[in-house]
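Student: here is a sequence together with a model predicted from it:
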Amino acid sequence: MRISEIAALVGVTTRAVRHYHHLGLLPEPPRLANGYRQYSVRDAVALARIRRLTELGLGLDEVRDVIADDAGHELAEVLAELDADLARQEAEIRTRRNRLAALLARAADGRLTADDELSPELAAFFAELGPRETDSPMAAKDRELLALMETAAPPAERARLMAAMRALAAAPGAAERARQVYALLDGLADADPSDPRVEAAARALADCLPPELAAQAAAGQETAAAQGFLRALLADFAPAQAEAVRRAMLRAGATEGKTTERKRT
């Protein structure tokens, strides 16, 4: 058989056959006097095996390892890993479809809101805070910032952040303190950064920051990415508001640093 014939027989392209030769997955067959490859039935059997393995989801490097292991142990291990990976993907898809079903149900009832686009954890946290009854621009900005941080954070960091936010929200008087902070910051919208109210707002905001977030702010300021985000964050506020936020982060970071140092000693 020529390359076009073996490719058609097994159901792959001639380009794929040549690629398998290049990777060493399929041995080069003898060539005729005219230079054409001459394939045997055994070559077709080997090529069919490569196709079966790739259709199972194995990568070509894994296929090479399987072919090199005549005892079949490598194949069993690879298939077990592939099955576990597919099970994880299946569970993730099931979770996503369940969430989509809930969103579609809310949409059908006309109850779909922007908060429903968030992760279930953050949506539940916002629900605990109560409805968006306030017209505070700073409260709306705070929700947007939390959504950004929760979306961008790796899973482990996201879990720590949400646990810290829930603990803070569960503290007595937390909602009232948050409203006071929003009012203080909203009042700085047209103020000068030297306004004495800036320091009061900074102190109140620092007291509301979760310790974990304060620690990240203190440690992360050394990285270029963190500095870039901080610059963009402060640029999104009015000058006096930005100064209050900057002071609050410095104050919270310094407090967290002292707490950590005391624990070490």
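Tutor: Structure received.

Student: point out where the protein drops to low pLDDT.
Tutor: Where the chain drops to pLDDT under 70, the residues are 70-71, 128-134, 211-226, 253-265.

Student: tell me how it divides into domains.
Tutor: Structural domains annotated on the chain: 3-60, 69-112, 114-264, as defined by automatic domain parsing.

Student: how about TSV for the ones you listed, with mean neighbour count added?
Tutor: For the C-beta atoms, the positions are set from N, CA and C on the backbone; glycine is no exception. Below are the domains of the chain laid out as TSV (neighbours: other Cβ atoms under 10 Å):
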stretch	mean neighbour count
domain 3-60	15
domain 69-112	11
domain 114-264	15
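
Student: can you give me the helices in this protein?
Tutor: 3-10, 14-23, 41-55, 60-68, 73-108, 120-129, 137-152, 155-170, 174-186, 197-208, 211-220, 224-235, 239-264 (DSSP state H).

Student: right, so of the ones you listed, which gets closest to Pro30?
Tutor: Smallest distance to Pro30 across the helices of the chain (Cβ to Cβ): 10.2 Å, for helix 41-55.

Student: what residues does the closest one touch?
Tutor: 1, 6, 9-12, 17, 20, 25-27, 29, 60, 62-63, 66-67 (Cβ atoms under 8 Å, 6 or more residues apart in numbering).

Student: returning to what we had before: can I get the helices of the chain in CSV with distance to Asn34?
Tutor: Compiled in CSV, those are given as follows (distance: least, Cβ to Cβ, whole Å):
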stretch, distance to Asn34
helix 3-10, 13
helix 14-23, 17
helix 41-55, 18
helix 60-68, 29
helix 73-108, 38
helix 120-129, 66
helix 137-152, 60
helix 155-170, 59
helix 174-186, 82
helix 197-208, 81
helix 211-220, 67
helix 224-235, 60
helix 239-264, 76
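
Student: and of those helices, who's closest to Gly35?
Tutor: helix 3-10 (11.6 Å).

Student: what angle do that closest one and helix 14-23 make?
Tutor: 100 degrees (axes from the mean of the first three to the mean of the last three Cα atoms, to 10 degrees).

Student: ok so, going back, ok, which of the helices of the chain comes nearest Ala33?
Tutor: helix 3-10 (16.3 Å).

Student: of all residues in the protein, which one is nearest the centre?
Tutor: Closest to where the C-alpha atoms of the chain average out (Cα atoms, centre = their mean) is Pro154, at 5.1 Å.

Student: may I have the phi/psi pair for that one?
Tutor: phi -60, psi 160 (degrees, to the nearest 10).

Student: contacting residues for it?
Tutor: By Cβ under 8 Å, 6+ apart, Pro154 has no neighbours at all.

Student: now do the one 4 residues further on
Tutor: Listed by Cβ under 8 Å, 6+ apart, the contact partners of Arg158 are 119, 121, 150.

Student: where's it relative to Ala189, distance?
Tutor: Counting by Cβ to Cβ, to the nearest Å, the gap from Arg158 to Ala189 is 31 Å.

Student: do Arg51 as well
Tutor: 65 Å.

Student: one more: His73?
Tutor: Computed as Cβ to Cβ, the His73 to Ala189 distance reads 68 Å.

Student: could you do Ala248 as well?
Tutor: 17 Å.

Student: before we move on, back to that, show me which of the contacts of Arg158 is closest to Asp207.
Tutor: Once Cβ to Cβ is applied, the member of the contacts of Arg158 that ends up nearest Asp207 is Glu150, at 21.9 Å.

Student: residues in contact with the closest residue to the closest one other than its chain neighbours?
Tutor: Leaving aside its sequence neighbours, Glu150 sits nearest to Leu122 (Cβ to Cβ, 6 or more residues apart in numbering; 4.9 Å). Contact analysis of Leu122 by Cβ under 8 Å, 6+ apart lists 146-147, 150, 162.
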